[in-house]
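Student: build me a model from this:
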Amino acid sequence: MKVTINAVHFKADKKLENFITQKLEKIGAKYADIIGFEVTLKLENTEVPENKITDIRIILKGNDLYASKQSKTFEEATDIAIDALKKQLEKYKNKAEV
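Tutor: As a prediction, this is how the structure comes out:
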């Protein structure tokens, strides 16, 4: 399982990359169909404090799952996106079992 992290308009530090990788590896351990993850971190030039965007794509056998969330910090945006993806994974798993 591969985790690819891309940062747009800034350089992500190792602490943030490790945080994201650890979170995604936990999900990857639960689902055998996951091939990898693609994460894009974006920093928008707005005056709003919620200018950090995390896009996560889960690469599966078949259809991919995607979530994009915006927040004050990348960690918070990542957590929210992962929560959304967990719900999508449950739906995917239930469909696969039927």
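Student: so what pLDDT did the most centrally placed residue in the chain get?
Tutor: Among the residues of the chain, Ile56 comes closest to the average C-alpha position under C-alpha atoms, centre = their mean, at 3.1 Å. Here the pLDDT value assigned to Ile56 is 97.
Student: doesn't it lie inside a strand?
Tutor: Yes. According to DSSP: H, G, I helix; E, B strand; the rest coil, Ile56 belongs to a strand.
Student: how close does it get to Asn6?
Tutor: Taking C-beta to C-beta, to the nearest Å as the measure, Ile56 falls 11 Å from Asn6. In short, each C-beta sits where N, CA and C put it, glycine included.
Student: what do you get for Glu38?
Tutor: Counting by C-beta to C-beta, the gap from Glu38 to Asn6 is 8 Å.
Student: ok, those two, which is more surrounded?
Tutor: Glu38 (16 against 11; other C-beta atoms under 10 Å).
Student: surely that one touches Arg57?
Tutor: Yes. Using C-beta atoms under 8 Å as the test, Glu38 is close enough to Arg57 to be in contact (4.4 Å).
Student: which residues in this structure form strands?
Tutor: Counting by DSSP state E, residue ranges of the strands within the chain are 2-8, 34-43, 52-60, 65-71.
Student: and the helix or strand of the chain at the bottom of the mean pLDDT ranking, how far out from the chain middle?
Tutor: Within the chain, judged by mean pLDDT, DSSP states H and E, the helix or strand with the poorest mean is helix 74-97; its value is a mean of 91. Average the C-alpha atoms of helix 74-97, do the same for its chain, and the two points are 9 Å apart (C-alpha atoms, centre = their mean, to the nearest Å).
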